[in-house]
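Q: Predicted model and sequence follow; I will ask about them next.
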Amino acid sequence: MSARLRSIALCALLLPLVAASAPPTAHFTMDQILSAPYIGETASSADGSTVGFMAHERGERNVYVARLGNDAHRVTNYTADDGQDINSLAFTRDGSAVAYVRGQSLNGQGEAPNPVSLPTPPDQEVWIVSTASGHPYRVGSGHSPAIAPDSKNVVWISRGQVTIAPLRWKGTQLAGVGRARQAFKIRGSVDHVLFSPDGSRIAFSNDRGDHSFVVVYGFGSKRFTYLAPAFTHDYEPAWSPDGRSVAFLRLPGTRENEDPYAQLNEQVVEAPFEIWIGDSSTGQAHRLWQADPGMGSEFYELDAADQLFWGNDGAIAFVWEKTGWRQLYAVPASGGAPVPLTAGDFEVESAVASTDRSHLYYATNEGDIDRRHIWSVGFDGAPPVALSSGNQSQWFPAALAGGAVAFVNAGWADVPQVQVRAASGRAQTIGPAFPASFPKNGVVQPQLVTFNAPDGLLIHAQLFVPNDGRAKHCAIVFDHGGSERQLLPGFHYMEAYANLYEENQYLVNRGCVVMSINYRSGIMYGHDFRRAKHQGPTGGAEYQDVLAGAGYLATLSGVDPDRMGIYGLSYGGYLTAMGLAHNSDIFKVGFDMAGVHNWQYLIDSGYGHPVGTPQERQIAFDSSPVAALATWRSPVFLAQGDDDRNVDFAEGVDLAQRLRAQGVEVQTMVFPNEIHEMTLTFGDSLRLFSAGAQFLLAHLGGDTSP
């Protein structure tokens, strides 16, 4: 063990036993472990009769729907492993049809991802399908569909503008889609389109670059109504139940020559965010409420489609980080002080209003900081009620009739499936089917552990321990991406991290102890953890958490500290490269997927020109792996898609050449036309994770059998 590793090993708080008493688990293949389905966000019809979701099953992405009380069934039949994602489900009010988007968003050149390299590239398209007949109709190119309350029209966004098409019906059955046309032309681009309750108008946000407006458009009057336009970013419109008013968020506009480094260090003090209410007919608006200066003045949005929720009692619910934790509050639309709906050292991650607007369903880590569970709370501030618990996690709530709620449920051995919880508390799993190929009896339950970083910060992690009866094991540190993510002790609600959880299980199955670290700058541990000082390009403070995790592993009696590797995706790729550059004495091999290697270059490329002060730029470079390449000796596997929209492909090109020039072993895998995660197709996922695992295991003395 190196002196450096011996020193940081003293940070460990708890040394869990590595040996297992159960019979050794059987080997499984990468194909088997990746066979678990991934479930996209749930959605429900306005009347609460129907719930829908996207399921990705071994390359096949399809829409499932279920009527309340029934099992889910597929209403599309896409069988090709072509990487065309499905998202943004939008139902008719009665659930008789559902619109969806097929295909990924466009890049800067207006291209949709084409991971299977089709001669005629795919487009991002809106489709609609009857939930009874299962016959899809193409609506048009674009995204973000919304269906009118009377089900006569569908609108969506195409090239930044609103497009509309009539829906054709034969009785209560969808019979087709009429000719599409651009609804109007407006400067800038459109986002977040919502029909008024009577369907005669739409509200939307209108991005103009350094500012944005909230606009109401009337289909009858063919007029725009701008709600109190200002030098600000106005967005996230929310209609009042009677359609007379629109609430929206107001944030400061974009400054000239903004310094991203100062933003990261929170040196720039912006005006606190505000909630405004506008008259939907006249455009006159007033400020309803403003956040206090200081903690929580910056809006920290939910991971949800909506950010404002208008209750049936006239209250408007929103999230605020006033206490240092993202919590729900409600303020009367008539004015007054906000009422806290939730409180404590936990966070609300997503929320949706019940069908009658009497309460909210939300996903949170209350009482279980490393998992997610579903809770409900009224707009009036009555005590919240837990609707789920246990060692599984639940996320993506969708409101249904009669007080029922649907959500995705998953654990460490139970693959993601959708459940519906009735008001009585009875839960029913509605689909998709549990795959017979998934090796449920071969996976291990991650242990929740904590340890202190050298500066004293408490770090949470999951420890995966092989059950193979061996005295010593290789060890691997896994770093998630983001960095604003939190990995769970089981399957994840983001597809890339569900795949990486499966990769961790495979590596454990092949004889390595794996530690998945929720390092600083991640979510769900409060503001001070998420916005920790000197993170990333302002100092790389997260790396001390990685080293502390390696030190923790080195203390375990069942770990051989001289056979330790590291891997990760995106921000995790950055930390992987940091480990190999600074501590090849500790990390003997690495698997770097689409990692950041030069913060200075990445930030400059995002702005199209050099930004920051000379001192800030130097710190960014010094916080990057390229600043320590001279001490990088360990072999590395580099993988990236060349249609990466998050990290410039040049980051991998540059690093591979630099390392080879100094004699470092570099193996690469490039995915033409794949995006950042490189997992659009099941085939790409299988190739990526198989090759990366084999590289790590071969260099660590693990089991490399198929």
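A: Yep, it's here.

Q: Pass me the low-pLDDT residue ranges in the stretch 201-350 of the chain, would you?
A: Under the criterion pLDDT under 70, the flagged ranges of the stretch 201-350 of the chain are 266-269.

Q: if you set the cut-off to 80 instead, what comes out?
A: 256-259, 262-270 (pLDDT under 80).

Q: now the strands: where do they sit in it?
A: Applying DSSP state E, counting those that start in this stretch to the stretch 201-350 of the chain gives strands spanning 201-207, 212-218, 223-226, 232-239, 245-252, 274-279, 285-290, 309-310, 315-320, 327-332, 339-340, 348-353.

Q: what does the stretch 451-600 of the chain give?
A: Secondary structure of the stretch 451-600 of the chain by DSSP E, counting those that start in this stretch: the strands cover 458-464, 473-479, 512-518, 559-569, 590-593.

Q: Now the longest one: average pLDDT?
A: Within the predicted structure, the mean pLDDT of strand 559-569 is 98.

Q: Please apply the same query to the first one.
A: When pLDDT is averaged over strand 458-464, the result is 98.

Q: tilt between it and strand 512-518?
A: 150 degrees (axes from the mean of the first three to the mean of the last three Cα atoms, to 10 degrees).

Q: With the second one instead?
A: Angle between the axes of strand 473-479 and strand 512-518 is 20 degrees (criterion: the same axes, to 10 degrees).

Q: Any chance you could spot the residue sitting in the middle of the chain?
A: Met494 (5.1 Å; Cα atoms, centre = their mean).

Q: Find the nearest non-adjacent residue to Trp364, please.
A: That one is not Trp; residue 364 is Thr. In space, and not counting its chain neighbours, Thr364 is closest to Val348: 5.1 Å by Cβ to Cβ, 6 or more residues apart in numbering. Backbone N, C-alpha and C define where each C-beta goes, glycine included.

Q: Tabulate the strands of the stretch 201-350 of the chain (a markdown table), appending distance to Leu118.
A: Output for the strands of the stretch 201-350 of the chain, formatted as a markdown table (distance: least, Cβ to Cβ, whole Å):
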| stretch | distance to Leu118 |
| --- | --- |
| strand 201-207 | 31 |
| strand 212-218 | 35 |
| strand 223-226 | 39 |
| strand 232-239 | 35 |
| strand 245-252 | 40 |
| strand 274-279 | 45 |
| strand 285-290 | 47 |
| strand 309-310 | 41 |
| strand 315-320 | 41 |
| strand 327-332 | 45 |
| strand 339-340 | 52 |
| strand 348-353 | 34 |
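
Q: looking at those strands, which is buried most?
A: Mean neighbours per residue, mean count of other Cβ atoms under 10 Å, is largest over the strands of the stretch 201-350 of the chain for strand 315-320, with a mean of 25.

Q: Over to stretch 436-447 now: how far is its first residue from its last?
A: For stretch 436-447, the first and last residues are 26 Å from each other (Cα to Cα, to the nearest Å).

Q: should've said stretch 63-77
A: Across stretch 63-77, the terminal residues are separated by 8 Å (Cα to Cα).

Q: Can you point out the buried residues in that stretch?
A: Across stretch 63-77, burial judged by 16 or more other Cβ atoms under 10 Å covers Val63, Tyr64, Val65, Ala66, Arg67, Leu68, Ala72, Arg74, Val75, Thr76.

Q: what's the helix or strand encompassing the third one packed up against?
A: Secondary structure from DSSP states H and E places Val65 in strand 60-67. Under the contact criterion of 3 or more Cβ pairs under 8 Å, 6 or more residues apart in numbering; DSSP states H and E, the helices and strands touching strand 60-67 comprise strand 50-57, strand 73-74, strand 86-91, strand 97-102, strand 417-421, strand 427-431.
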